[in-house]
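Asks: Curious how this folds, go ahead:
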Amino acid sequence: MLLSTSNQTLTQDIRLFTLFMGLAILTYLMPWHSPLGRDFVVNATAFGFVSLAIAAFFWQNPITKFSKSVLTWLLLALLIVCQPLFNHIAYPDALIFPVISLLVVALTALIGTNIENKANLLNRLFIAVYLMAIVTFMIQMMQMSGYQIDYKGWVIARGNANGGRYDGNFGQANHAGYAFVLALCGVIYQLQQSFQERLNAPQWLIGRYRQYARFGLMVLFVIFTIGLALTQSRAGLVMMLAVIPIFFLTQPIAWKSKLSASVFGLVVFVLYYMGASWISNYSSANQLGAVSRMAGGQGNRSAMSERAMMIFHDHVLTGVGWNNYMGASVDYAQYFKWPEIADHSHNFATMILAELGVLGALCFVPIVWLLVRAIHLRHSSESAIALAFVIASILYASVEYPLWYFRYLAVFALFLALIDQRNWQLVWPSKLRKAMSFIMLGLAMLSGYYIWQYFHLNYLDYNRFIKHTNHLNQDQGIDYQNEVFGFSAYHDRILAMQVPINRHQASVKEAIFEEVLNTDSSQYNILAYAQFLAYKGDQQAALKHIEAACVMVKNLSDCDNVDTDLGNLAKQDPATFAALYREFRQWRDANPEKTGLKP
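Replies: Take a look at the predicted model:
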């Protein structure tokens, strides 16, 4: 029988660390509501809890080891700090968020390396994971019945906004599926524990009530599998099909036991998954949910990655710049197979290459080395489940964007550090640890300050970011002053909804729309920026953006909006726009298929 790494004598106090990390995982339940794609309040709340977890660990326990994976997060933080040296960066003040987040992630990985009793950590942490997944499943049940819970305008439990894909409070069904995969990792890990002797596991798992524990874990396995099926997440299905065999096959147990456990786990999972998927989709004739969706291919994902590689080809060394992917896409609009707006490529590798270039890719060498060294069949059960979840996360990051969210990245980094590996010895002086505890407390309070400012500035009002009032406002009533360092992206996004599109302070407005295209390259914003370029006399750049506004739409018939607006401008200000309109019409007539003139 496999001996777990948890047979070591418990010499650490990790109760506060696991408590706050568990609370960070529970922030997955916070309703998604973000004007910029990555919810600031949710991630800042998770950041605060993780900072408190780190502060507690540093105060209570020694640091003696250093994982290679920590280097990746430190190198990425350094590279992002240096971004303004390589490229024009939209909103450089906002770089404080990814940089500080990566430093906190590095410290999380450092702590994971120094955990002596991995089983104790995981068994405590999975309690929070189970609670998060159970509540998510309950919200899915409410979504199926058409319920939403609100309190004084606050969404507590979201109604369903994704058709037959039930996403809980995540705002995206794939993320909900990712959370269920984490919960299922906990279930199969603890189920194996309940069959092991000589293991420093919780008494409820190996004591006189172990049969009840096994039954309860099997019930959770069924519930979480059904929850995963309700998301119809293709990535979620693939992740679990990878997690089960990786967990069992990488441990030094008899091959007969490895294969039987893997096959049994896969069969049970697939049966419940297919059954739940079929039942939930029977009325809407969606066949087998994620299974049928897998047969439909990757949709626009391959085109998105191709777009990223096109950008990378022209910016090999440094990339186009952190968070500049969406804005750079406008420059390549005429060459994309899928010109629709997107702020990421749906693939972590192509996204890193596009925005950070070869320098960004080199930052991941330590993690690649760690994973290559992890290719063996001698993992402890704790290391095996950590490896399984890390591989599942990488699979998910190959088709989605999870690791750009702090709440997911911190957990990923912790599990990565739990994989059995050779670590460097690095003893931290006690005074340094105490000082770091105070710094982390300060960061936790800083996250609270930014959350308060986010509420104070009413950035939770989504309509402020999507409702144009430009035609209703006067220039004298516009406040261009950004109140909070780091929030310029939100501030400018709202300004783009408000400033009158005219020659008054045209250079200031041009700069606003140029930056806003990196967070919202809508047809309106692209065309507004083109208008300010025309006022400046840059006709070629204006025409390029006018053409981009025509094709970067879901429905090609929306190019008619550009035609109409530009035609009106040509009548109102022929000296500036008449020639532009003629060139646009000639270009559109020459490209009838991609501009909506021909079905």
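Asks: Who are the packing partners of the host helix or strand of residue 532?
Replies: In this assignment (DSSP states H and E), residue 532 forms part of helix 523-536. Other elements packing on helix 523-536 under the criterion 3 or more C-beta pairs under 8 Å, 6 or more residues apart in numbering; DSSP states H and E are helix 506-516, helix 539-551, helix 559-572, helix 574-590. For glycine as for every other residue, the C-beta is placed from the backbone atoms N, C-alpha and C.
Asks: buried sites along stretch 214-232?
Replies: Of the residues in stretch 214-232, those buried under the neighbour-count criterion (16 or more other C-beta atoms under 10 Å) are 216-217, 220-232.
Asks: I misspoke; the intended subject was stretch 576-584.
Replies: Using 16+ other C-beta under 10 Å as the burial criterion, the residues of stretch 576-584 that qualify are 576, 577, 580, 581, 583, 584.
Asks: what does stretch 303-315 give?
Replies: By neighbour count on 16+ other C-beta under 10 Å, the buried set for stretch 303-315 is 303, 304, 305, 307, 308, 310, 311, 312, 315.
Asks: Am I right that residue 47 is in contact with residue 101?
Replies: Yes - if you go by C-beta atoms under 8 Å, residue 47 and residue 101 touch, sitting 6.5 Å apart.
Asks: Those two: which has the busier surroundings?
Replies: Between residue 47 and residue 101, counted using other C-beta atoms under 10 Å, residue 47 has the larger neighbour count: 28 against 24.
Asks: Give me the distance between the more buried one and residue 484.
Replies: According to C-beta to C-beta, to the nearest Å, residue 47 and residue 484 sit 16 Å apart.
Asks: swap in residue 568?
Replies: Going from residue 568 to residue 484 by C-beta to C-beta gives 37 Å.
Asks: Compare the two and say which is more crowded by neighbours.
Replies: When residue 568 and residue 484 are compared for neighbours, residue 484 comes out ahead with 16 against 12, by other C-beta under 10 Å.
Asks: which non-adjacent residue is nearest the more buried one?
Replies: In this structure, residue 484 finds its nearest non-sequential neighbour in residue 453, 5.0 Å apart by C-beta to C-beta, 6 or more residues apart in numbering.
Asks: tell me which residues in the helix or strand harbouring the one you found are buried?
Replies: Residue 453 belongs to helix 430-456 when assigned by DSSP H and E. Going by neighbour count (16+ other C-beta under 10 Å), the buried part of helix 430-456 is 433, 436-437, 439-441, 443-444, 446-447, 450-451, 454.
Asks: Rebuild the buried residues of stretch 576-584 as CSV, extending it with distance to residue 427 and pLDDT.
Replies: What follows is the buried residues of stretch 576-584, written out as CSV (distance: C-beta to C-beta, whole Å; pLDDT from 0 to 100):
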residue, distance to residue 427, pLDDT
576, 68, 96
577, 69, 96
580, 67, 96
581, 70, 97
583, 68, 96
584, 67, 96
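Asks: my guess is residue 73 meets residue 101, correct?
Replies: No - using C-beta under 8 Å as the test, residue 73 is too far from residue 101 to be in contact (9.2 Å).
Asks: related to what we said a few turns ago, shared neighbours of residue 47 and residue 101, anything?
Replies: With contacts taken as C-beta atoms under 8 Å, 6 or more residues apart in numbering, the residues that reach both residue 47 and residue 101 are residue 406.
Asks: care to break this protein down by domain?
Replies: The chain breaks down into these domains under automatic domain parsing: 5-300+377-444, 463-590.
Asks: Out of the ones you listed, which one sits most buried?
Replies: Stretch with highest mean neighbour count among these: domain 5-300+377-444 (a mean of 19; mean count of other C-beta atoms under 10 Å).
Asks: now that one: mean pLDDT?
Replies: Domain 5-300+377-444 comes out with an average pLDDT of 90.
Asks: Just the closest of the buried residues of stretch 576-584 to residue 139, please.
Replies: Relative to residue 139, the closest of the buried residues of stretch 576-584 is residue 584; by C-beta to C-beta it sits at 47.8 Å.
Asks: That closest one against residue 545, yeah?
Replies: No - contact status for residue 584 versus residue 545: not in contact, 10.8 Å apart, counting by C-beta under 8 Å.
Asks: Residue 126 reaches residue 189, doesn't it?
Replies: Yes - the pair formed by residue 126 and residue 189 meets the contact definition of C-beta under 8 Å, at 7.4 Å.
Asks: Show me the strands in the stretch 51-200 of the chain, by range?
Replies: Taking DSSP state E, counting those that start in this stretch as the test, the strands found in the stretch 51-200 of the chain are 65-66, 149-151, 154-157.
Asks: Same list (these) but as CSV, adding distance to residue 409.
Replies: Putting these into CSV (distance: least, C-beta to C-beta, whole Å) gives the following:
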stretch, distance to residue 409
strand 65-66, 19
strand 149-151, 29
strand 154-157, 25
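Asks: Quick one: closest of the ones you listed to residue 400.
Replies: Nearest to residue 400 among the strands of the stretch 51-200 of the chain is strand 154-157; the distance by C-beta to C-beta comes to 23.0 Å.
Asks: Packing partners of the helix or strand that contains residue 226?
Replies: Element membership of residue 226, judged by DSSP H and E, is helix 210-231. Where contact means 3+ C-beta pairs under 8 Å, 6+ apart, helix 210-231 is packed against helix 118-144, helix 173-194, helix 203-206, helix 234-249, helix 255-281.
Asks: My guess is residue 469 contacts residue 496. True?
Replies: No - using C-beta under 8 Å as the test, residue 469 is too far from residue 496 to be in contact (10.8 Å).
Asks: Tell me how far residue 506 lies from residue 360.
Replies: Relative to residue 360, residue 506 is positioned 36 Å away (criterion: C-beta to C-beta).
Asks: let me fix that: residue 210
Replies: 48 Å.
Asks: what sits against residue 71?
Replies: The neighbours of residue 71, taking C-beta under 8 Å, 6+ apart as the test, are residue 366.
Asks: how near is it to residue 113?
Replies: Relative to residue 113, and taking C-beta to C-beta, residue 71 is found at 12 Å.
Asks: try residue 429
Replies: Separation of residue 429 from residue 113 (C-beta to C-beta) stands at 18 Å.
Asks: where exactly do the strands run in the stretch 351-500 of the chain?
Replies: Listed in chain order (using DSSP E, counting those that start in this stretch), the strands of the stretch 351-500 of the chain are 424-425.
Asks: just how off-centre is the helix holding residue 226 within its chain?
Replies: Between the mean C-alpha location of helix 210-231 and the chain-wide mean there is a distance of 26 Å, by C-alpha atoms, centre = their mean, to the nearest Å.
Asks: got the angle for that helix vs helix 118-144?
Replies: Here helix 210-231 runs at 50 degrees with respect to helix 118-144, directions being taken by axes from the mean of the first three to the mean of the last three C-alpha atoms, to 10 degrees.
Asks: ok, residues contacting helix 210-231?
Replies: Under the contact criterion C-beta under 8 Å, 6+ apart, helix 210-231 has outside partners 130, 133-134, 136-137, 140, 144, 165-167, 173-174, 176-177, 180-181, 183-184, 187-188, 190-191, 194, 204-205, 236-237, 240, 268-269, 272-274, 276-277, 280, 289-290.
Asks: centroid residue for the chain?
Replies: When C-alpha atoms, centre = their mean is applied to the chain, the residue found nearest the centroid is residue 402 (2.9 Å).
Asks: Could you list which residues are in contact with it?
Replies: Applying C-beta under 8 Å, 6+ apart, one finds that residue 402 lies in contact with 175, 178, 393, 396, 408, 409, 412.
Asks: Verify the contact between the first one and residue 165 for me.
Replies: So that's residue 175. No - Residue 175 is not in contact with residue 165 according to C-beta under 8 Å; the separation is 11.3 Å.
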